[in-house]
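Enquirer: Sequence plus predicted model, see below.
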Amino acid sequence: MNRFGATVTAGALLLSLAACGSGTKPAASTTNTPLAPTSTPTPTPKADPTAAAKSRVLTTYAAFIVALDKGYREGGVTYRYDQYLTGKSLETVTNQITFLKGFHHAKVTGSSRLVESRISALSLSTKPQTATVTACIIDNLTAVSGRNGKTIAKPAGKLTRIDKLKLVKGKWMIYSTFADSPSVGCAK
């Protein structure tokens, strides 16, 4: 018998011994694990479009307050307010900046800070979609004229802003803005 024949014979012998077994029964399994799931999986809940829209509005609004603060202090008439403002709101802020920075060459110091904000109205069924944000702001901005050194704008302190936003080309934009006393929108 050659080597190849011996290898095949040994392999066949091992297979036949394995098939015979040892005569002992395998131990019973203590757990019964089914091969297939016994219950139907619960579907993944769909995202709430209202909650998602509110989150986007409030995120945009917080970024707007930061940009507005930076624009008043560091920007000028060419600052990109149009990233957050449109229509009359953009016109109003541009006119204020032109008065402060353009006409008076004012140095603006201090800061504005968003304390709290909430959605006071949301309409996702209208075209365009709209939202109203009621926010509590601390305004500590002071403007001093570069022409005569006089203070031309004093800090307002705590105040309420009521800003209306609309969805324009997939982005929430402020189109109407109004400031009121802190009692209207500041809980703290």
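Expert: That came in fine, so what should we check first?
Enquirer: For the spatially most central residue of the chain, what is the enclosing helix or strand?
Expert: For the chain, the residue whose C-alpha lies nearest the mean C-alpha position (C-alpha atoms, centre = their mean) is Thr59; its distance is 4.5 Å. With elements taken from DSSP states H and E, the one containing Thr59 is helix 49-74.
Enquirer: List the contacts of the helix or strand following that helix.
Expert: Helices and strands here follow DSSP H and E; after helix 49-74, the next one along the chain is helix 87-97. By C-beta atoms under 8 Å, 6 or more residues apart in numbering, the list of residues contacting helix 87-97 from outside reads 68, 71-72, 75-77, 79, 81-82, 85, 163, 174-177. Heads up, the C-betas are built off the backbone N, CA and C, glycines and all.
Enquirer: Filter those residues down to the buried ones, ChimeraX style.
Expert: Buried members of those can be picked out in ChimeraX with the line below, counting by 16 or more other C-beta atoms under 10 Å:
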select :68,71,72,75,79,81,85,163,174,175,176,177
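Enquirer: which pair in the contacts of helix 87-97 spans the largest distance?
Expert: Spatial extent of the contacts of helix 87-97 (C-beta to C-beta) is set by the pair Gly76 and Ser176 at 24.1 Å.
Enquirer: how close does Thr86 get to Val57?
Expert: Relative to Val57, Thr86 is positioned 15 Å away (C-beta to C-beta, to the nearest Å).
Enquirer: can you check Val77 too?
Expert: According to C-beta to C-beta, Val77 and Val57 sit 28 Å apart.
Enquirer: same question, Ala143
Expert: Taking C-beta to C-beta as the measure, Ala143 falls 29 Å from Val57.
Enquirer: State the distance from Cys186 to Ala156.
Expert: Counting by C-beta to C-beta, the gap from Cys186 to Ala156 is 12 Å.
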